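Q: Structure, please.
(chains A and B)
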Amino acid sequence: DGGITQSPKYLFRKEGQNVTLSCEQNLNHDAMYWYRQDPGQGLRLIYYSQIVNDFQKGDIAEGYSVSREKKESFPLTVTSAQKNPTAFYLCASSIGLENYGYTFGSGTRLTVV
Amino acid sequence: GQQVMQIPQYQHVQEGEDFTTYCNSSTTLSNIQWYKQRPGGHPVFLIQLVKSGEVKKQKRLTFQFGEAKKNSSLHITATQTTDVGTYFCAGQGYSTLTFGKGTMLLVSP
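A: Model prediction:
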């Protein structure tokens, strides 16, 4: 079955460390997204990518970085510059950027200890 | 930038009661989408509305898109315990979706 796989499901990080969250999709979707979800805050866009080797900053990109070397993969690195990294991170994909519903992965819950 | 407001933030109903959540955008939208997130889960796409004044139904769920394409609503008739979760609207302006903060629905049996 096609879908989006995020790993790991839970991640603990020490302050000052970078950490990379994995996102892989086999839906043949062109567009991919990273959202951050905090309690009561809804979903906020971190980065998105329309095609391979191209990505754009979202509303809260500071302290994060991404790459899109393959159509199927869109990893997110949470750097030590991100001041409040503890959150639920959701990866999504869609056929194209506009007028298509998003398919979400099951998420990664990151906790800074 | 584009803002999408959603009310109420939270609603607790008895099973069998109706439920409505409302969504308002600061700008005209090309489309609006609705998602459901079960507790501990991830958002799941429910529907997309594109046309002004559009109304779509999915069993007990009725979705409306306003005439000005700036507001939308989701109405659930005769709620069931399986309807529990957070319902998000998401508006599309000229590029990506902007999500509302969601309405958390709790249904008591």
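Q: For chain A, give me the ranges with low pLDDT.
A: Flagging of chain A using pLDDT under 70 yields the residue ranges A:1.
Q: Centroid-nearest residue for it?
A: Most central in chain A under Cα atoms, centre = their mean is A:Trp34, positioned 2.9 Å from the mean C-alpha point.
Q: That one reaches A:Ser67, doesn't it?
A: No - in this structure, A:Trp34 is not within contact of A:Ser67 by Cβ atoms under 8 Å, at 11.5 Å. All C-beta spots, glycine's among them, are computed from the backbone N, C-alpha and C.
Q: and for those two, which residues touch both?
A: Taking Cβ atoms under 8 Å, 6 or more residues apart in numbering or on different chains as the contact rule, A:Trp34 and A:Ser67 both touch A:Phe74.
Q: picking that back up, sec struct for the nearest residue to the residue nearest to the centre of chain A once chain neighbours are set aside, please.
A: Counting by Cβ to Cβ, 6 or more residues apart in numbering or on different chains, A:Trp34 lies nearest to A:Ile46, which is 4.3 Å off, once chain neighbours are set aside. Classification of A:Ile46 by DSSP: H, G, I helix; E, B strand; the rest coil places it in strand.
Q: What residues does the residue nearest to B:Pro8 when sequence neighbours are not counted make contact with?
A: Take B:Pro8 and drop its neighbours on the chain: the residue closest to it by Cβ to Cβ, 6+ apart is B:Thr103, 5.8 Å away. With contact taken as Cβ under 8 Å, 6+ apart, B:Thr103 is in contact with B:6-11, B:21, B:86-87.
Q: Need phi/psi at B:Thr103.
A: Backbone torsions for B:Thr103, taken as degrees, to the nearest 10, come to phi -120, psi 120.
Q: Adjacent strands (with direction) for the helix or strand bottoming out on mean pLDDT in chain B?
A: For chain B, using mean pLDDT, DSSP states H and E, the weakest element among its helices and strands is strand B:97-99, scoring a mean of 93. Using DSSP bridges, the neighbouring strands of strand B:97-99 in the sheet come out as strand B:85-92 (antiparallel).
Q: Please work out the average pLDDT along the partner strand.
A: On average, the pLDDT along strand B:85-92 is 96.
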